[in-house]
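Q: Curious how this folds, go ahead:
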Amino acid sequence: QVQLVESGGGLVQAGGSLRLSCAASVRTLTNLIMGWFRQAPGKEREFVAALKWSGGSGYYADSVSGRFTISRDNVKNTVYLQMNSLKPEDTAVYFCAADWGDPSRTGVPRQGYTYWGQGTQVTVSS
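A: Numbering: from 1, shown residues only. I've put the predicted structure just below:
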């Protein structure tokens, strides 16, 4: 079982930055894949970024590549999403997600995650 608690959302002007945090409560993180998703009003939930807890760099949606960075803190069992150069179209509820995976496989899944946080609102004003 994995419990996820997000924090860090808020209101920011276009061009600004926010950092989201996702604290994971789980016995072992080694085979865990952590992801961020978002859902804007009237739209489907979409993949934003993900990484393997075992190591390696993050994977990103084209819409956020170069502006967002996903990272991990192994001591705090926390995953972060640093969001820079925010745009009004980034406005959404952001969800942290987790699932078990094979660290040796290339890439990360972009759907089908088992565990979800409660979501945190990010609003970017123009």
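Q: Work out which residue lies at the spatial centre of this structure.
A: residue 36 (2.2 Å; C-alpha atoms, centre = their mean).
Q: what about the residue nearest to that one when sequence neighbours are not counted, neighbour count?
A: Using C-beta to C-beta, 6 or more residues apart in numbering and skipping the chain neighbours, the partner closest in space to residue 36 is residue 48 (4.3 Å). (Each C-beta comes from the backbone N, C-alpha and C, glycine too.) Look at residue 48: counted by other C-beta atoms under 10 Å, it has 25 neighbours.
Q: Let me see the confidence value for residue 25.
A: Looking at residue 25, its pLDDT is 93.
Q: Could you do residue 93 as well?
A: pLDDT at residue 93 comes out at 98.
Q: Repeat that for the one 3 residues further on.
A: pLDDT, the model's per-residue confidence, is 98 for residue 96.
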